[in-house]
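In: Any chance you can model this:
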Amino acid sequence: MLTPSLLALALACGDVCAQCRVDPRRTLLCAPHLEDELTTLREERSVMARSKSTDDRLAALQRVAALTAAHANAPSPNVARFLADGLYDDSLDVRRRALALLLDGQHRDETIRGVLDGWKVAQRSWKELEGRISALAAELQKGGSSVSNLDLAQWPTYLEALLAALGEVHDERAYKELLNVLKWPVDRTPGRFFVAAARSALTVESRKGVESVLEFALTLEGELAAGRAAPRFGASGSLLGAMMRPLDNATVHDVEDVLHALGAFAQRKHTAPVPEPALGSAAAWRAWFKAAKDQFTERMTQLE
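Out: Just a heads-up that it's a prediction; the model follows:
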C-alpha cells in the first residue's frame, strides 16, 4: 500500500508521473502508462490462466507489480486486482508472492479488499485441510496419508503471512478479522495462529485490541491450567505428536509469546512496566491494563 512514507520515498526517487493522478473516486493514468498497463495486463493474464509453470506465473506477477514503479504517486487499482487474483492460485508459492507484492505500494483500497478476500479463501482451504489432518492418525496407522509434508509446512506459513497482512493494511474490517481469531482459545486452532494474530493486532493501536489480546492470553492460560486444552495429537514424545507439534493446540509457550508481544507493545507506548513474571499474574495484568488504557486510542490507529 502507498503510505505517506512510501509516497515521500517515491517522490524522492523520482518514481512519479506528473500526468498520472488520483481523483477522489478513481485513478487516472497518462496515455503512455495506461497503454503500457493494458498491454501488460492482457499478456500476463494469459500467462496466469494458461501456464502450468509456477516460475512463469511468479514472473507474471512481478512484471505487473513493476508497472506501479513508474507512477507510484498513482497506483492503479487494476494492478492491485491482478495481484489479488494471485491469492487464488493453486500454488502457495504464487499466493505468497502475490501477497507480498500486493502489500508493496499498491492501490490501498484494492489491497485491503484483496487481503480480506484472500484471508477468507485461505480459511476455507484450511478448514478442508484441517479435516484431513483430523484423520491423519488413523491414516498413518494404515501406512498412508492424504496430507503431504509440503502442505503441513507451507499452509501454516501462508496463513501466518495473511494474519500479518491483516494488521499491516490498517483497516477496521481487517482488524476485526484479527480479533475474531482471538475469540476462544480451545477451538482446535493451532497455537501458532493465535500468536501470529496477537502480534499482528499489536502492530496497530486500539484500546479494544489490546484488551482483547490480553484477555485472550489470560483465558488461554486459565484453560491450560485447568487441563481443558490438552495436546490434540498426543504427547510430543509420540511420533504423531512430534510431527504435528507445529499444528497442535496452544501451549503455555504460546501464552508466553502473546504476553511478550504485549510487553513489547507497552514499551513502544511507554506505559508502566508490565507484570513480571508474565505467567501466573492475571490480576497484575488486568491492573496494568486498567492503569494504562487511557494511553491507548479508542479507535484503531497506526502505531508510531
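
In: for stretch 208-216, which positions count as buried?
Out: 208, 209, 210, 211, 212, 213, 214, 216 (16 or more other Cβ atoms under 10 Å). Glycine gets a C-beta too; all of them are placed from N, C-alpha and C.

In: Just the residues contacting the helix or strand hosting the first one, thanks.
Out: If I follow you right, that is residue 208. Assigned by DSSP states H and E, residue 208 belongs to helix 207-225. By Cβ atoms under 8 Å, 6 or more residues apart in numbering, the surrounding residues in contact with helix 207-225 are 175, 178-179, 182-186, 194, 198, 201-202, 229, 250-252, 254-255, 258-259, 261-262, 265, 279-280, 282, 285-286, 289, 293, 296-298, 300.

In: Now do the contacts for residue 82.
Out: Neighbouring residues of residue 82 by Cβ under 8 Å, 6+ apart: 41, 44, 45, 61, 64.

In: Which ones among those residues map onto helices?
Out: Among those, the members falling in helices (DSSP state H) are 41, 44, 45, 61, 64.

In: Give me the buried entries from the residues you listed.
Out: Buried, going by 16+ other Cβ under 10 Å: 41, 44, 61, 64, out of those.

In: which of those residues lies closest to residue 158?
Out: The closest of those to residue 158 turns out to be residue 61 (Cβ to Cβ; 15.2 Å).

In: Now do the SS call for residue 24.
Out: coil (DSSP: H, G, I helix; E, B strand; the rest coil).

In: Against residue 113, how distant is it?
Out: Separation of residue 24 from residue 113 (Cβ to Cβ, to the nearest Å) stands at 18 Å.

In: okay, those two: which has more neighbours?
Out: residue 113 (19 against 4; other Cβ atoms under 10 Å).

In: Low-confidence bits of the stretch 1-150 of the chain, can you list those?
Out: 1-14, 137-138, 140-146 (pLDDT under 70).

In: quick one: the helices in it?
Out: 4-13, 31-50, 54-65, 77-85, 92-102, 108-134, 136-141, 149-168 (DSSP state H, counting those that start in this stretch).

In: list the contacts for residue 262?
Out: 198, 202, 210, 213, 214, 217, 274.

In: cool, and residue 122?
Out: Residue 122 neighbours (Cβ under 8 Å, 6+ apart): 87, 95, 158, 159, 162.

In: Among the residues you listed, list the two that are farthest apart in space.
Out: The widest separation within those (Cβ to Cβ) is 12.0 Å, between 87 and 159.

In: picking up where we left off before, can you lay out the helices of the stretch 1-150 of the chain as JSON lines showing distance to residue 221?
Out: Listed next are the helices of the stretch 1-150 of the chain as JSON lines, based on distance: least, Cβ to Cβ, whole Å:
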{"stretch": "helix 4-13", "distance to residue 221": "37"}
{"stretch": "helix 31-50", "distance to residue 221": "46"}
{"stretch": "helix 54-65", "distance to residue 221": "42"}
{"stretch": "helix 77-85", "distance to residue 221": "38"}
{"stretch": "helix 92-102", "distance to residue 221": "32"}
{"stretch": "helix 108-134", "distance to residue 221": "24"}
{"stretch": "helix 136-141", "distance to residue 221": "28"}
{"stretch": "helix 149-168", "distance to residue 221": "21"}
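
In: Pop the domain breakdown of this protein in here.
Out: 1-106, 146-304 (automatic domain parsing).

In: distance between the longest one and the chain's centre?
Out: Centroid displacement of domain 146-304 relative to its chain, using Cα atoms, centre = their mean, to the nearest Å, is 13 Å.

In: Of the helices of the stretch 1-150 of the chain, which is nearest residue 269?
Out: Nearest to residue 269, of these and by Cβ to Cβ, is helix 149-168 at 16.0 Å.

In: Now that closest one: buried residues?
Out: Quick answer for helix 149-168 (16+ other Cβ under 10 Å): 151-152, 154-156, 158-168.

In: Taking helix 149-168 as reference, get the angle to the following helix or strand past it.
Out: Going down the chain from helix 149-168, the next helix or strand is helix 172-181, by DSSP H and E. Interaxial angle of helix 172-181 relative to helix 149-168 (axes from the mean of the first three to the mean of the last three Cα atoms, to 10 degrees): 130 degrees.

In: Remind me what helix 172-181 packs against, helices and strands.
Out: helix 108-134, helix 149-168, helix 191-201, helix 207-225 (3 or more Cβ pairs under 8 Å, 6 or more residues apart in numbering; DSSP states H and E).

In: is it possible to export the ones you listed to JSON lines including distance to residue 245?
Out: Converted to JSON lines, the helices and strands packed on helix 172-181 look like this (distance: least, Cβ to Cβ, whole Å):
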{"stretch": "helix 108-134", "distance to residue 245": "13"}
{"stretch": "helix 149-168", "distance to residue 245": "11"}
{"stretch": "helix 191-201", "distance to residue 245": "10"}
{"stretch": "helix 207-225", "distance to residue 245": "16"}
